[in-house]
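Colleague: sequence first, predicted coordinates after that:
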Amino acid sequence: MDDAAPLGMTDRIIDAWMQHPTERMSAHEMFASLRRWTAWPSAITPQMTIASLDQAGVSAGLAAAWCAPDGWMISHEEVAAIAKSYPGRIFGVASANINKPMDRALKSQADIAGAWACRRHGTVPKHPHVYRLVHRLSRRAC
């Protein structure tokens, strides 16, 4: 028998891997079949994202910047804007440039996003400046 308590109203569900889609991202060719086969809107407002979180019972989200091989789908500035609009609900996540994963600009991008975390791509080797950034972000979150 499972002794785990069922989820109740006091439990917090956090989406740790979300993105708030931009029009640039939604229009990208990689999402063509999604647009063709679903009612995917051309623009998703922050209010639509929050409504989706509410409907799913998610109390907070870690919204990540997203760099694709051909450029930024969601910039750190766009992450900062939604996090600033919904403080305590949406928290910024910095993301490395997939084309330059060891770029030291990640530190300033984390500051732009008001990031509480950073997404490290699997191809990024363990490197001291990555660990310094993670340590800095962990102090910000406390």
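Modeller: All right, it came through fine. Residues are numbered from 1 along each chain as shown.
Colleague: all helices for the protein, in order.
Modeller: With DSSP state H as the criterion, the chain has helices at 23-26, 32-37, 46-56, 76-85, 105-113, 128-141.
Colleague: and those helices, which one averages the lowest pLDDT?
Modeller: When the helices of the chain are ranked by mean pLDDT, helix 128-141 comes last with a mean of 58.
Colleague: wait, doesn't Ala16 sit right on Ala64?
Modeller: No: judged on Cβ atoms under 8 Å, Ala16 makes no contact with Ala64 at a distance of 9.3 Å. To be clear about C-beta, it is placed using only N, CA and C from the backbone, and glycine gets the same treatment.
Colleague: and these two? Which one has more around it.
Modeller: The residue with more neighbours, out of Ala16 and Ala64, is Ala64; 24 against 11, by other Cβ atoms under 10 Å.
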